[in-house]
Each structure stands twice: as structure tokens, then as C-alpha cells.
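[1] Sequence below, structure please.
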Amino acid sequence: RRVEAIKLGQEIIGNRVRARVVKNKVAPPFRKAEIEILFDAGISKEGSLIDLGTENGTIKKSGSFYSYGDVRLGQGREATRQFLKANTDIRDQIEARIRSGEEETADP
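    Coordinates of the predicted model:
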């Protein structure tokens, strides 16, 4: 189901979607996930990193600003997504930290 539209100014560039897996042979059934689907690029990897990083504490959110350690990623979700898309080294550090299950306790 569509949760909300992703906008860049007034233009709609994608949708945030909530999916529910009912039956699955590989993983437990009845799990839910929210993903961003962009019309020009498909599923947004950067959007998923922002969600997971905010949940486990790797990415800090204060107001509308997102930051990773001392690095300010951007103001607003779309600006943060664009920053991560342009700066692959920081994106890879965040992804590695999320995959290791490590919370943000020290500077990157």
C-alpha cells in the first residue's frame, strides 16, 4: 500500500510503500516493511540506509537534520538521500556499520 508520495518541490518523484509478506518459505511470514520506490531509479538503497541507520542509532536525527558522527548529511530526507548518493565512501561506512549491527558509540 502506498503510504505517502515523495516530492521534490511540487513534483512527485516516487512513493513510500508499506509491503506485507503473507506467505514465505525462506523467512518468517507476516512481516512488514516500508520502502521507497522512485520512478526513475526503482527501490532507493539510500532511503533504506536512512531508515535503518536512524532506527539503530548510526544516523542521528535532530529536527529535520540528519548527521553521521560529525558529518552533517543534510536537511530533510531528500537532501540526505542525495548526499548519500553523491558520497559513496560515507554511504559505504554507514552500510558497513548497519550490517555489523554496531550502534553509533564512537566517531566514524
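
[2] Can you tell me the SS state at the residue located most distally from the centre of the chain?
    For the chain, the residue at maximal distance from the C-alpha centroid (Cα atoms, centre = their mean) is residue 25, at 26.6 Å. Following DSSP: H, G, I helix; E, B strand; the rest coil, we place residue 25 in the coil state.

[3] ok, it to residue 58 distance?
    Distance of residue 25 to residue 58, given as Cβ to Cβ, to the nearest Å: 31 Å. Where you see a C-beta, it was placed from the backbone N, CA and C, and this is true even at glycine.

[4] how would you label residue 54: helix, strand or coil?
    Judged by three-state DSSP, the three-state class of residue 54 is helix.

[5] That one is in contact with residue 61, isn't it?
    Yes: if you go by Cβ atoms under 8 Å, residue 54 and residue 61 touch, sitting 5.4 Å apart.

[6] Cool, thanks, signing off.
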